[in-house]
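J.: Sharing a model that was predicted from the sequence below.
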Amino acid sequence: MAEVPRETDCRVCGARARRSVTAPHLSRSGTSAFQLMERSAKSASEPEIVSGVPPSASRRAQSTTRHPLHAKLPRP
């Protein structure tokens, strides 16, 4: 670590960047917030491959509202 320079070029933009030492993976991996962030990051870089519409979506009954004020809304 003593031989590592204090600044280096950024791999993304090429600008000079100062190095910082951080602890790896010390977050709370068991929390739901961390799991949500991890799933979001994974779906951005490794999205699931979908070959078709899920079967439950096509068979799902269309939801209708039963609120009386919704009956007064204009119809298309």
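T.: Alright, I've got the coordinates.
J.: what's the distance between T8 and A15?
T.: Distance of T8 to A15, given as Cβ to Cβ, to the nearest Å: 10 Å. Just so you know, the C-beta spots here come from the backbone N, C-alpha and C atoms, and that holds for glycine as well.
J.: what does P74 give?
T.: Distance, P74 to A15, by Cβ to Cβ: 56 Å.
J.: Compare those two (neighbour count), which wins?
T.: Per other Cβ atoms under 10 Å, whichever of P74 and A15 has more neighbours is A15, with 7 against 4.
J.: My guess is that one contacts D9. True?
T.: Yes: counting by Cβ atoms under 8 Å, A15 does reach D9; the two are 7.2 Å apart.
J.: Q35 is in what secondary structure piece?
T.: Element membership for Q35 (DSSP states H and E) is helix 32-45.
J.: how distant is that helix from the center of its chain?
T.: Here helix 32-45 shows a centroid-to-chain-centroid distance of 5 Å under the convention Cα atoms, centre = their mean, to the nearest Å.
J.: now do stretch 44-61
T.: Centroid displacement of stretch 44-61 relative to its chain, using Cα atoms, centre = their mean, is 17 Å.
J.: What's the separation between the residue nearest to the spatial centre of the chain and F34?
T.: Closest residue to the average C-alpha location of the chain: S40 at 1.9 Å, with Cα atoms, centre = their mean. For S40, the distance to F34 (Cβ to Cβ) stands at 11 Å.
J.: Same check on P68?
T.: Going from P68 to F34 by Cβ to Cβ gives 44 Å.
J.: more neighbours, the two?
T.: F34 (12 against 7).
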